[in-house]
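> Dropping a prediction and its sequence here:
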Amino acid sequence: MQDRERDTDFVLLGLSQNPTMQKMIFVVLLIVYIVSTVGNVLTMVTIKASSLLESPGYYFLAHLSFIDACYSCVNNPKVIVDSLYVKKISPFNECMMPIFGEHLFSGANIILLTAMAYDHYVAICKPLHYTTLMNWQVCDLLIGVSWVGGFLHATIQILFIIKLPFCGPTVIDHFMCDLNPSLDLACTDTHTLVLFVAANSGFISLLNFLLLIGCYAVILHPLKTQSLEAQQKALSACVSHITAVVFFFLPCIFEYLRPATSLPIDKAIAVFYTMIKTMLTPLIYTLRNDQMKNAIRKLCSRKATSGDQ
């Protein structure tokens with residue numbers, strides 16, 4: 001016989017209960033999802049089809065785009081479809097799977113962003129040792145650590161919440177399943193678990209964010225003595241990454257480094273880090289990057305030429 005928890009159905013209230021607003025939300029979210037998916041896939045294809053893949057920095061960027069593309073597929077398709085319905089029901093298991101996926105790709109994202117910061121540090125502060133310190137064995141090791149770290153993070157989170165009893169109302173004032181809204185519904189004392197979630201997600205996000213900001217302070221400080229061209233080149237690479245770091249970490253810190261209580265702004269924050277952020281990542285790394293823009297032009301012209309033949 002199945003456990004009572006397994007028979008639980010969560011009712012999601014979504015972003016709006018207004019039928020007209022729901023249709024507008026459907027259109028907007030669909031456009032954001034398409035742009036996000038196309039942008040991240042285009043980034044991956046461009047890097048793989050060009051000589052940029054030979055650079056560790058772009059190798060990491062291709063993996064970052066892959067993670068973002070996967071992350072946008074965890075919840076977004078269901079959220080888009082659910083936006084057309086007044087009542088949005090998610091069975092227990094279907095609710096736990098997205099939570100696992102969210103934290104798997106988020107954990108991998110955190111470690112990969114840290115690896116990219118290390119790559120920038122070596123390239124700018126130790127350029128003569130770059131090929132030695134950032135060889136392909138090190139790059140593959142960092143990618144592997146990203147995925148293993150993300151898997152462990154997600155597994156730890158889900159093992160705690162999957163055993164909780166849900167015996168009361170299971171209505172979630174959200175558009176997706178997540179840790180804090182689920183903890184609010186558990187009919188048991190979750191005080192210790194709330195502290196654990198804050199430590200495992202919120203504090204780790206805050207610590208990594210502060211470490212990355214400190215790392216970039218160390219990276220950018222020596223630039224004062226270098227030429228203007230060298231400063232502009234380094235700043236161009238660092239500003240894009242710092243922007244991605246801020247867009248990813250600040251919503252995570254706000255969401256998880258606080259008590260498991262629902263706030264009116266939670267939905268807007270969740271829309272940003274689940275949808276808008278994944279859409280902005282390819283734009284952040286291409287609009288300020290001449291190499292990426294040239295590679296995309298070459299790829300498009302190559303496709304156009306092969307299509308005319």
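Yes, it's here.
> okay, CA-based contacts and neighbour counts for the rest of this
Fine.
> Let me see the ranges of the strands in this protein.
Assigned by DSSP state E, the strands in the chain fall at 9-12, 88-91, 171-172.
> Report the distance from the first one to the chain centre.
Offset of strand 9-12 from its chain centre (CA atoms, centre = their mean, to the nearest Å): 24 Å.
> by contact count, what packs against it?
strand 88-91, helix 92-125, strand 171-172 (3 or more CA pairs under 8 Å, 6 or more residues apart in numbering; DSSP states H and E).
> Need the strands of the chain in TSV (columns: distance to residue 74).
As requested, the strands of the chain are exported to TSV (distance: least, CA to CA, whole Å):
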stretch	distance to residue 74
strand 9-12	16
strand 88-91	14
strand 171-172	18
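> quick one: low-confidence parts of the stretch 51-200 of the chain?
Scanning the stretch 51-200 of the chain for pLDDT under 70 picks out 168-169.
> Residue 267 versus the residue nearest to residue 13 when sequence neighbours are not counted, what's the distance?
Of all residues not flanking residue 13 in the chain, residue 173 sits nearest, at 5.1 Å (CA to CA, 6 or more residues apart in numbering). With distances taken as CA to CA, to the nearest Å, residue 173 is found 9 Å from residue 267.
> between these two, who's got more neighbours?
Neighbours were counted for residue 173 and for residue 267 using other CA atoms under 10 Å; residue 173 has more, 19 against 16.
> Run a quick check on that one versus residue 17, I expect a contact.
No - contact criterion CA atoms under 8 Å: residue 173 and residue 17 do not qualify, at 11.0 Å.
> Hmm, residue 96 is touching residue 179, no?
No - Residue 96 is beyond contact range of residue 179, at 9.3 Å (criterion: CA under 8 Å).
> one step back: do you know which of the helices and strands packed on strand 9-12 lies nearest residue 293?
Nearest of the helices and strands packed on strand 9-12 to residue 293, taken as CA to CA: helix 92-125 at 19.9 Å.
> so what does that closest one touch, helix or strand wise?
Secondary-structure packing of helix 92-125 (3+ CA pairs under 8 Å, 6+ apart): strand 9-12, helix 56-82, helix 130-133, helix 136-161, helix 204-220, helix 228-256.
> out of those, which comes closest to residue 301?
helix 56-82 (20.9 Å).
> Can you mark which positions in the closest one are buried?
By neighbour count with 16 or more other CA atoms under 10 Å, helix 56-82 contains the buried residues 56-76, 79-80, 82.
> Same question for stretch 162-175.
Using 16+ other CA under 10 Å as the test for burial, stretch 162-175 gives 164-166, 170-175.
> If you drop the residues flanking it in sequence, what lies closest to the residue nearest the centre of the chain?
Nearest to the mean C-alpha position of the chain, by CA atoms, centre = their mean, lies residue 106 at 5.0 Å. Nearest non-adjacent residue to residue 106, counting by CA to CA, 6+ apart: residue 150, 6.8 Å away.
> Am I right that the one you found is in contact with residue 101?
No - judged on CA under 8 Å, residue 150 makes no contact with residue 101 at a distance of 9.4 Å.
> Those two: which has the busier surroundings?
Using other CA under 10 Å as the criterion, residue 150 and residue 101 rank with residue 150 on top: 24 against 21.
> wait, which of the helices and strands packed on helix 92-125 is closest to residue 298?
Among these, the nearest to residue 298 by CA to CA is helix 56-82 (16.6 Å).
> what's the closest one packed up against?
Packed against helix 56-82 by the contact rule (3+ CA pairs under 8 Å, 6+ apart) you find helix 19-49, helix 92-125, helix 136-161, helix 277-287.
> circling back to that earlier point, which of the helices and strands packed on strand 9-12 sits most buried?
Mean neighbour count (mean count of other CA atoms under 10 Å) peaks for helix 92-125 among those, with a mean of 21.
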